[in-house]
Every structure is written in C-alpha cells, then in structure tokens.
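Colleague: Model the following, please.
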Amino acid sequence: MTGLAGLLRAKGASLEAEDDFEAVNALVRERGWGDGLPVVPPTAERVERMLAYCDRPWDEPVAKVAPRYGEATPLRLAANAVMAGCRPEYFPLLVLALEAMCEEPFNLYAVQATTHLCAPLVIVNGPVAKELDINSGHNAFGPGWQANATIGRAIRLALVNIGGAIPGSGDMSTFGAPSKYSYLAAENEAQSPWEPLHVERGLPREASAVTVIGAECLHNVNDHESITAEGILTTIAGTMLDAGTNDIFYEAQPLVVMAPEHAKTVAEGGMSKARAKRFLFEHAHLPLGRFSRENIERRLRVTWKERYAGAGMDAPVYMVQRPEDILIAVIGGAGKHSAVVPTFGATRAITRALKRRDGRLARSVEELRRG
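Modeller: This is a model prediction of the structure:
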C-alpha cells in the first residue's frame, strides 16, 4: 500500500467506510462531523489530491484551533476541504485563513464560544482572487460561486471538527447566523477608487492576502438619493448607530462595505479613506441617555469610567473609539448600497499574505515527495 492511504493505515488514522455518498453522509451525521449539508466523502485519494497544493509536512500542525485547541494539520484541513467541496487549488488560501484567525489578537476562542452571533469573515485581496475566481461583485456574500461557498464552508467545518465549535457545546451562539455556514468574499479592487484593504493594512499591492474579521452579518445601507460624499456617509453613519452593539464596549474594528457606486460618489467628493473614516467617527454616536439605565451604570460607566463616570445624558457615546479603527472595503456590484458590519468587539482583524513557491500556488504530489 502506497501514498496517503498507506500512511494513514500505518498510523491508525483512517476509518474504513464504503466510498458511498449516502453511507458516508450517514456516518458524518452520526458522528457530528458536518454542518447539516451533505458532504463529499473524504477518501484518501481525494485528500491526497488536495494535499498536492501543500508544501508543508502533512502531519505537523499549522495552528491550534480554539476552543478545543485541536491541531490543524494540513491532513486534517484537507479532509475538511474535501468534505466542503473545495477544489485542490483553493487549499493554500484555506490554510492561510485558518492560520490568521488562530493568531492571538483575533481571539478565536471567544469568537467561537460566545453567545453572540458572530463568525469569522474572510476578505480576499490581490491576484489570487482572480486566479481562483472568487466573487467580489454581485452577490459576493451570497450563493453562486464555488470558491466563495466552499472555502468558507471548509473553514466552518474545520472550526467544528478541529476546533470543537459544536452548536450547544463549543459554540454557544444564542441564535447562530447564516454566516456560520460560509462567510468569504473578495474585494472589488477593479472598481474601487481607493487603495485595497490589504494595501491599507501594510502589504504591497501585488500581494495576495486575506483579512479575517470576527463579524456579524451585513446590515444594509440603502441610499439611492444622496449625490454627495457627505450625504452617503451621513446615511452610513446613521446605520452604524446601535445601542446594542458589542463594538462600543471595546476597541473594536467594525467594517464598512461600500458597493462601487457609493464608493465612487464618496471618492469623487474629495474623500480619501482616512477622511471618510473621520467623518463616520464624528457622526456615528448616540447620546448617553439612549442607553438603558442598567447599561449606563453597569457597562458604560465601568468600561469607560474616565469618560462617563460623571457625564450627563447628552454625552456622546461613539460607535468606535478611533477613526482609524473603522475598516472600509469596496465589494459588490451595481446598486446604491453600502453595508455596516459590526464585530464581536473583543477581536482584532488580522491580515496575512499568501506565500508562494516559485510564484505558483500548486505543486504536484511527486514534487512534494521529492522535497
């Protein structure tokens, strides 16, 4: 016996099962290994084809996934990628996204285990988005694109099967959210008037990168009437106003997604990203009196004691602590819409670049075995 099947048999790491769609899915349901949707049977042959795009030792962990802190080896990630329906060329991006969200500032333990309805959001930038045909336009956060759907789904399956985010056990979200199935899109760099998100966060434009955010679902901003930068930003700032958001209690990084039409109007009005963030910061605030008495006394006057301990009911409560903490990305197709994406609060966005070997995403199994 050769190849991955032989390696797994020698280590006792394989499970004998018929390569039958119905039988495998019955086993997955019984063991709690899925997300409720049918999976592709992760046979040794399929997993090995996925690992052709991995240049690391297959059985050495690339990260430990909270809350269980299970070891995310390429082998385990590849099995989840197969189950999710990923194409093998997607695998390096999946590994990169998992590594990023396992970095300490992201606070994956809390994002996974909280009663909040957040989920890791992945925004893809750079040439890899076009190479893998990741949707950045119409319906970018919705169905219809294999890369968006299956890479995001593979992340969720890994968070469950390796990290232990089992609903009602490791994942205690009160409601859950559709974003817990898959939450991934590319930035529409071709129609953005500004520098892309990964460039703003310190990477060269030619880099391929992911930014991971512990995020809620999108809150739509409908503004078909404003024709000025100030008008559109005023509407977005109004949508950011939320007395129940987690973000006001932390140094959070909420995301504003602008579709290209809104972004174009804002930029043509003389607004850089930095100026747009300053405007949003200055206009997105509620008076202290809009919060419940209990939240004022038990949260705001405790969390921001120096600011609100003796403040009157007209004191402004800002939705974000600093203008530079607002993230802006241009995503979507035609339509005069933007979206506000609040976060878990106690989380920081992580941006990481994809490292390529010889400028390629792929290597063959034979190359890998030769080292």
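
Colleague: What's the biggest helix in this structure, counting residues?
Modeller: helix 146-161 (DSSP state H).

Colleague: got the buried residues for that helix?
Modeller: Buried positions in helix 146-161, judged by neighbour count with 16 or more other CB atoms under 10 Å: 147-161. C-beta: built from backbone N, CA, C; applies to glycine.

Colleague: Which parts of the stretch 151-300 of the chain are strands?
Modeller: With strands called from DSSP state E, counting those that start in this stretch, the stretch 151-300 of the chain shows them at 184-186, 209-215, 219-222, 255-258, 285-287.

Colleague: Out of these, which is closest to A349?
Modeller: Ranking those by proximity to A349 (CB to CB) places strand 209-215 first, at 4.8 Å.

Colleague: Please list the residues outside the closest one that contact it.
Modeller: The contact list for strand 209-215, computed with CB atoms under 8 Å, 6 or more residues apart in numbering, reads 93, 96-97, 100-101, 106-108, 110-111, 118-126, 179, 183, 197-198, 201, 203, 253, 255, 327, 341-344, 347, 349-354.

Colleague: now the helices for the stretch 51-200 of the chain?
Modeller: Using DSSP state H, counting those that start in this stretch, the helices assigned to the stretch 51-200 of the chain run over residues 74-84, 91-101, 108-113, 127-131, 146-161, 197-200.

Colleague: The stretch 201-350 of the chain now?
Modeller: Using DSSP H, counting those that start in this stretch, helices in the stretch 201-350 of the chain cover 229-240, 260-268, 273-283, 293-295, 301-303, 305-308.

Colleague: Could you save those as a markdown table and add columns showing mean pLDDT and distance to P323?
Modeller: Converted to a markdown table, these look like this (pLDDT from 0 to 100; distance: least, CB to CB, whole Å):
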| stretch | mean pLDDT | distance to P323 |
| --- | --- | --- |
| helix 229-240 | 98 | 12 |
| helix 260-268 | 98 | 15 |
| helix 273-283 | 98 | 4 |
| helix 293-295 | 97 | 24 |
| helix 301-303 | 95 | 20 |
| helix 305-308 | 95 | 17 |
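
Colleague: how about those helices, which one is nearest S136?
Modeller: Judging the helices of the stretch 201-350 of the chain by CB to CB, what sits closest to S136 is helix 260-268, at 9.8 Å.

Colleague: For the closest one, what is the distance to the chain centroid?
Modeller: 24 Å (CA atoms, centre = their mean, to the nearest Å).

Colleague: so where's this protein uncertain?
Modeller: 1-14, 356-371 (pLDDT under 70).

Colleague: which residue is nearest the middle of it?
Modeller: Central residue of the chain (CA atoms, centre = their mean): L121, 1.6 Å from the mean position.

Colleague: Quick check, that one in contact with K180.
Modeller: No. Taking contacts as CB atoms under 8 Å, L121 lies outside contact range of K180: 11.0 Å.

Colleague: Count the neighbours of the closest residue to T115 other than its chain neighbours for me.
Modeller: Spatially, and ignoring its direct neighbours in sequence, T115 is nearest to T174 (4.6 Å; CB to CB, 6 or more residues apart in numbering). The number of residues packed near T174 is 8, by other CB atoms under 10 Å.

Colleague: now do E216
Modeller: Using other CB under 10 Å: E216 sits among 24 other residues.

Colleague: What distance do you get for the residue nearest to it when sequence neighbours are not counted to D325?
Modeller: Take E216 and drop its neighbours on the chain: the residue closest to it by CB to CB, 6+ apart is P342, 4.7 Å away. Distance, P342 to D325, using CB to CB, to the nearest Å: 12 Å.

Colleague: Of these two, give the one with the bigger neighbour count.
Modeller: More crowded of P342 and D325, by other CB under 10 Å: P342, with 24 against 17.

Colleague: these two touch, right, the more buried one and D247?
Modeller: Yes. Shown here, P342 and D247 form a contact pair, counting by CB under 8 Å, at 5.4 Å.

Colleague: joint contacts of these two?
Modeller: Joint contacts of P342 and D247 (CB under 8 Å, 6+ apart) are P254.

Colleague: Tally up the residues packed near E104, please.
Modeller: Neighbours of E104 (other CB under 10 Å): 9.

Colleague: what sits against it?
Modeller: Contacts of E104 (CB under 8 Å, 6+ apart): none.

Colleague: on that earlier part again, are any of the contacts of strand 209-215 buried, and if so which?
Modeller: 93, 96-97, 100-101, 106-108, 110-111, 118-126, 179, 183, 197-198, 201, 203, 253, 255, 327, 341-344, 347, 349-354.

Colleague: Export stretch 87-96 to CSV, keeping only CA atoms.
Modeller: The C-alpha coordinates for stretch 87-96 follow below in CSV (Å, rounded to 0.1, in the frame of the first residue of the first chain):
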residue,chain,number,x,y,z
ARG,A,87,-11.1,22.4,-5.5
PRO,A,88,-7.5,21.5,-4.6
GLU,A,89,-6.2,24.9,-5.8
TYR,A,90,-8.2,26.6,-3.0
PHE,A,91,-6.2,24.8,-0.3
PRO,A,92,-3.4,27.3,0.3
LEU,A,93,-5.9,30.1,0.9
LEU,A,94,-7.9,27.9,3.4
VAL,A,95,-4.7,27.2,5.3
LEU,A,96,-3.7,30.9,5.3
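
Colleague: Kind regards, and thank you for your time.
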